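Enquirer: Sharing a model prediction with you, sequence too.
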Amino acid sequence: MRTTVGWRAGPGATLLRAPLERRALRPDDVAVRVDYCGVCHTDLQAVTGHGGSSGAPLVPGHEFTGVVSDVGPEVTRFAVGDPVAVGNIVDSCGECAMCRSGQENFCHAFPTLTYGGVDRHDGSTTLGGYAREYVVREKFAYPLPAGLDPAAAAPLLCA
């Protein structure tokens, strides 16, 4: 496991700073140091609706930018130090017709979302980008184009 710090939903629709555990890198994973995260209405609704209840933790933030801080042994598209963006989808079945055509948002088995989703390998709840680090499959990280301001790009992904 990897330890980081993040902001999880607490009582009264507050965000509380808390230690978080991320999974150890799988062969096709990249670790991203999160520098900027969009704040959108969906995140605010999720925190308000969660209310710090005793179920699975909620760490919002589903679209963010940052820098690759570590890579799994099978990663070929990224190296440590590369600027990246991560969107709302962090995994999919990879087998249905929609996934095979690059339309993971229409995955027949439903895509795994950045937060509040279920990890397809270990069943854990995904925790979002309101954190210092996020671990994601290489396929679901995107190179941040040179010249695009990373602070502006995170909310642009929401828009």
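Expert: Done, it's in.
Enquirer: C-alpha only now, for contacts and for neighbours.
Expert: Noted.
Enquirer: Which element, helix or strand, includes Leu58?
Expert: Assigned by DSSP states H and E, Leu58 belongs to neither a helix nor a strand.
Enquirer: what's the pLDDT at it?
Expert: On the pLDDT scale, Leu58 is placed at 94.
Enquirer: how about the residue most central in space within the chain, phi and psi?
Expert: Most central in the chain under Cα atoms, centre = their mean is Thr114, positioned 3.9 Å from the mean C-alpha point. Dihedral pair for Thr114: phi -60, psi -40, per degrees, to the nearest 10.
Enquirer: Over to Arg100?
Expert: Backbone dihedrals for Arg100, given as degrees, to the nearest 10, come out at phi -60, psi -20.
Enquirer: In this structure it contacts Gly94, no?
Expert: Yes - Arg100 is in contact with Gly94 according to Cα atoms under 8 Å; the separation is 6.2 Å.
Enquirer: Those two: who's more crowded?
Expert: Using other Cα atoms under 10 Å, the more surrounded residue of Arg100 and Gly94 is Gly94, with 17 against 12.
Enquirer: OK, contacts around the more buried one?
Expert: For Gly94, the contact set (Cα atoms under 8 Å, 6 or more residues apart in numbering) comprises 100, 104, 107.
Enquirer: Closest one to Val136 out of the residues you listed, please.
Expert: Glu104 (14.9 Å; Cα to Cα).
Enquirer: Count the residues that sit near the closest one.
Expert: Quick note: Glu104 (other Cα under 10 Å) scores 24 neighbours.
Enquirer: His121 too?
Expert: By the criterion of other Cα under 10 Å, His121 has 6 neighbours.
Enquirer: repeat for the one 3 residues further on
Expert: Number of residues near Ser124 (other Cα under 10 Å) recorded here: 14.
Enquirer: That one reaches Tyr115, doesn't it?
Expert: No - checked against Cα under 8 Å, the pair Ser124 and Tyr115 is beyond contact range at 10.7 Å.
Enquirer: For the closest residue in space to Ala24 that isn't next to it in sequence, which residues are in contact?
Expert: Leaving aside its sequence neighbours, Ala24 sits nearest to Met1 (Cα to Cα, 6 or more residues apart in numbering; 4.5 Å). Neighbouring residues of Met1 by Cα under 8 Å, 6+ apart: 21-24.
Enquirer: Return a ChimeraX selection command for the buried portion of the residues you listed.
Expert: Here is the ChimeraX command that picks out the buried ones among those, judged by 16 or more other Cα atoms under 10 Å:
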select :22,23
